[in-house]
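**Student:** Build the 3D model from these lines:
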Amino acid sequence: MTTIPQDHAVNVLFVCLGNICRSPTAEGVFRNLIRQHNLSEQIYIDSAGTSAYHLGEPPDQRAQAAAKARGIDLTNLRARQTGEDDFARFDYIIAMDNDNLVKLKRQCPAGFENRIRLFLEYAPGADRTDIPDPYTSDSQGFELVLDLIEQASQGLLEHIQSQSRLKPQS
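**Tutor:** Predicted structure coming up:
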């Protein structure tokens, strides 16, 4: 179970299948972005997987290496599975692809469906709806994932800022 500090105005959960490639990358990229905008005290970020394949494991080494090359550290993250309580605790539940979107919608208790979205909905210039799973690909797959996540992260932050009254901390 994830404990969310009570002082955050907005809580964001990124979700993929195993929580070792795409969603921890999104967590790291988005955390870095909100840090740059001085919003770390107002936005809580986490990631999870819809499966229990990799519970407690760190992100894939290739995901860590690709992120590190862009100045993003994923080493302290550990895989966890989504749970029913996540739907009440997170304002935004961001699926990396349609398969995980469907799984989240099946798992979601009534009344929280509006919190679930595809990540690339926040990247209007993207030429796809899914962030592809790079697990069985080469390093180029991880670079593409990072490119898409960076694009969607900027759009998500702009959306959150337009929907809430976040003010950068000095």
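**Student:** which phi and psi does N38 have?
**Tutor:** In terms of degrees, to the nearest 10, the main-chain angles of N38 are phi 60, psi 40.
**Student:** The one 4 residues further on too?
**Tutor:** In terms of degrees, to the nearest 10, the main-chain angles of Q42 are phi -110, psi -20.
**Student:** How many residues are close by it?
**Tutor:** Q42 is surrounded by 19 other residues when neighbours are defined as other CB atoms under 10 Å. Quick note: C-beta positions are derived from backbone N, CA and C, even for glycine.
**Student:** how close does it sit to N98?
**Tutor:** Distance check for Q42 against N98: by CB to CB, to the nearest Å, it reads 30 Å.
**Student:** And for L77, nearest residue in space, chain neighbours not counted?
**Tutor:** If you skip the residues right next to it in sequence, L77 has P24 as its closest partner in space, 4.5 Å away by CB to CB, 6 or more residues apart in numbering.
**Student:** Contact partners for the one you found?
**Tutor:** In this structure, P24 makes contact with 14, 47, 59, 63, 74, 77, 79, judged by CB atoms under 8 Å, 6 or more residues apart in numbering.
**Student:** 10 Å instead?
**Tutor:** P24 makes contact with 14, 16, 18, 46-49, 57-60, 63-64, 67, 74, 76-79 under the criterion CB atoms under 10 Å, 6 or more residues apart in numbering.
**Student:** now do T25
**Tutor:** Counting by CB under 10 Å, 6+ apart, T25 touches 14, 16, 47, 59-60, 63-64, 66-67, 70, 72, 74, 77, 96, 131, 134, 142, 145-146, 148-150.
**Student:** If anything else comes up later, I'll come back, but that's it for now.
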